[in-house]
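**Student:** show me how the following folds:
(2 chains)
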Amino acid sequence: MKDKPKDGKLRSRIRDISLFYHKKGRMPSFSEMGELTGLRSKNSVSKLVDKLDRLKVIGKDAKGRLIPRSIAASVRILGSVEAGFPSPAEEELADTLSLDDLLIENPDATFLLRVSGDSMSEAGILPGDMVIVDRGQTPKSGDIVIAEVDGQWTMKYLRKRGESITLIPANPNYKPIKAKNELKIAGVVTAVVRKYR
Amino acid sequence: MDNTAPITIHSWPRAILHLDADAFFASCEQAIHPELKGKPVITGKERGIVAAASYEAKACGVKRGVRLSDVKKLCPDAIILPSDYETYSLFSLRMFGIIRRFTPDVEEYSIDEAFADLTGLRRNFHGPYSLIARKMQEAVERELGITVSIGVSLSKVLAKMGSKHKKPHGITMIPGREIHGYLRNLPIQSVWGIGPNTAAFMRKFGIDTALDFALKNEEFVTKRLSKPYQEVWHELNGRSIYPVTTESKSSYQSISKTRTFTPPSKDETFVFAQLSKNLENACIKARRYGLAATRLIVFLRKQDFTDSGVQLKLTCPTAHPSALFSLLREGFDHLYRPTTLYRQTGVVLAGLIAETAVQYTLFDDTAQIEKMSKVYEAVDMLSEKFGKYTVRHAVSLPTKIQSQHEGERGDVPQRKQELFKGENNRQRLGLPVLDVKV
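**Tutor:** As a prediction, this is how the structure comes out:
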């Protein structure tokens, strides 16, 4: 491409403008833009703005004020297209989920829990793992739950058969537990996180 | 005057809700350590005094601010925990988040209190305001595992009175026609916004209860009392004056940072380092809000809990520690006695003005100031990326000579002890961690 050598410079300028936008929550003025990009004259800033406008990085409203376009998208979600360059992939990526969105359904009701025992090892939950516990969901039969039985906290599969409730471990070395008295359920395990390095 | 008649016959011209968490810090601890439910729990181990006590501990007579050595006599089985402000803040944010599911008009009044405007929401919930209050209370309890008390009435003052009326885990609805009944039994000094002096003044006019005050005529109120109390008078009469302010706090009059350390120290370098660390922290906060200080207050607390302090005027408003160190040193030298043991230091940045409104004089070295702004901007950026204190002033480093609290008080919350792979001392996952062995 013709303006290949300048590509890096433009990219870093877009990054600076994007950083400004995300930090201050507003677009820079023309003079601030000049400071950001190292352009001394308003005319060169204006040229840059037009260029970015064509690239759909930023836009202008009816009064000529700057509005963010692709730089408004979360930098993190876009991964490798960090600078917010328009690319065919961008449309596709606009609706992606972050890992947080994927793992956490009710942000207000989600807790972490570090696993210490091995009673769910066959279900792939090992000591040292972090499980994500949702307190907002109603536990259903078949869910993995954090429950208190007779003063002891435990993590097991929940099985409901009519009136009877049983907690079933996923490790043959442990026995299923039938709740004698009251069964308190602290939450439903919705995910397990294991970080290797 | 007839004090059995209703103050207003309108039940709900407005519906303002006040939510107050019950023994908030202690409740958070019970929520993440479920085995502590129903037991006397006290937080504040690192401070040596009770920061919060669960209702079980309150039942033994433990109050806020009591020394922990006295707690052991009052309540021998009390479980005393170090404060875990990170967890409390997470709970607080979630509590506000839950309230916002019901109405967008939420005021975060303090870490454990909120006001919300429910006016007009009945049709949305197909039920009375009491139903909305109950649903809110249940949602907080189910999702966070803590209990809250709620008051709903026509104004903020009345709503706050309601949430205090039945605690813990209460809901108090005060519609217009029932206001007088609640005011009748409330001593005047217990009204929100009325201090001991004003209460004493009012008693001279035969005002002993909130109802006496509410029934005074407007002429008396405007003639004898200043505007804040006139507003309280309107609020007590069910006319809402104080708005539910939804934007979060964006400005401060002053910013203060204090730190206690155990054991007490008389080491000059160490005590000054503690002070400079406070200064750095206060400046970080000031810069975050785009503020600059015009006055600096420095104080030292001795081992016997007596304070000495000094206020210094700045020649040029700033939020840069580098520009404040010489003044800090001056204040410190004025206060510090080499033979005295100190247990706490503090700084206050006062007379805060917007950074953009700073006027430089002819003699200020603006080039240097500009340079330092860039330096601190970079410092703040680095802290945001890598955690607090990534870059700090060397003068604060001697704080590391001893940990903040040695001995028993040095216990740190579970959250900071057991880190998940990838977490570090400065940055941890933004979710509360349940402490249960499973």
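**Student:** any idea which element whatever residue of the stretch 101-250 of chain B ends up closest to chain A lies in?
**Tutor:** Relative to chain A, the nearest point of the stretch 101-250 of chain B is B:E143 (3.5 Å; C-beta to the nearest C-beta). In short, each C-beta sits where N, CA and C put it, glycine included. Element membership for B:E143 (DSSP states H and E) is helix B:129-144.
**Student:** quick check: A:R194 vs A:S116, distance?
**Tutor:** 14 Å (C-beta to C-beta, to the nearest Å).
**Student:** repeat that for B:L349.
**Tutor:** 45 Å.
**Student:** so the closest residue to B:R392 other than its chain neighbours, which state does it fall into?
**Tutor:** Leaving aside its sequence neighbours, B:R392 sits nearest to B:E280 (C-beta to C-beta, 6 or more residues apart in numbering or on different chains; 6.1 Å). State at B:E280, reduced to three classes by DSSP: H, G, I helix; E, B strand; the rest coil: helix.
**Student:** is it true that B:E280 touches B:H393?
**Tutor:** Yes - assessed by C-beta atoms under 8 Å, B:E280 is found in contact with B:H393 at 6.2 Å.
**Student:** of those two, which one has the most company?
**Tutor:** Using other C-beta atoms under 10 Å in any protein chain shown, the more surrounded residue of B:E280 and B:H393 is B:E280, with 22 against 15.
**Student:** give me every residue in chain A lying close to chain B.
**Tutor:** Applying C-beta under 8 Å from any C-beta of the partner chain, we find that chain A lies next to chain B at A:104, A:106-117, A:119, A:130, A:133, A:135-136, A:146, A:148, A:153-155, A:184, A:186-187, A:195-197.
**Student:** among these, which lie within strands?
**Tutor:** Secondary structure from DSSP state E places A:110-114, A:130, A:133, A:146, A:148, A:153-155, A:184, A:186-187 of those in strands.
**Student:** now stretch B:370-389, how far from the centre of its chain.
**Tutor:** 27 Å (C-alpha atoms, centre = their mean, to the nearest Å).
**Student:** now do it, average pLDDT.
**Tutor:** Averaged across stretch B:370-389, the pLDDT comes to 89.
**Student:** list the buried ones in it?
**Tutor:** Using 16 or more other C-beta atoms under 10 Å in any protein chain shown as the test for burial, stretch B:370-389 gives B:372, B:376, B:379-380, B:383, B:389.
**Student:** packing partners for the longest helix along chain A?
**Tutor:** Scanning chain A for the longest helix, with DSSP state H as the assignment, gives helix A:7-24. Packing partners of helix A:7-24 (3 or more C-beta pairs under 8 Å, 6 or more residues apart in numbering or on different chains; DSSP states H and E): helix A:30-37, helix A:42-54.
**Student:** apply 7 Å and report the result again.
**Tutor:** With contacts taken as 3 or more C-beta pairs under 7 Å, 6 or more residues apart in numbering or on different chains; DSSP states H and E, helix A:7-24 sits against helix A:30-37.
**Student:** give me the buried positions along the helix it packs on.
**Tutor:** Residues of helix A:30-37 classed as buried: A:33-34, A:36-37 (neighbour count, 16+ other C-beta under 10 Å).
**Student:** which other helices and strands does it contact?
**Tutor:** helix A:7-24, helix A:42-54.
**Student:** just the C-alphas of that helix, formatted as CSV.
**Tutor:** Once non-C-alpha atoms are left out, helix A:30-37 reads as follows in CSV (Å, rounded to 0.1, in the frame of the first residue of the first chain):
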residue,chain,number,x,y,z
PHE,A,30,-8.5,20.0,18.2
SER,A,31,-5.8,21.6,20.3
GLU,A,32,-5.6,18.7,22.7
MET,A,33,-5.4,16.4,19.7
GLY,A,34,-2.4,18.5,18.4
GLU,A,35,-0.7,18.0,21.8
LEU,A,36,-1.5,14.3,21.7
THR,A,37,-0.2,13.6,18.2
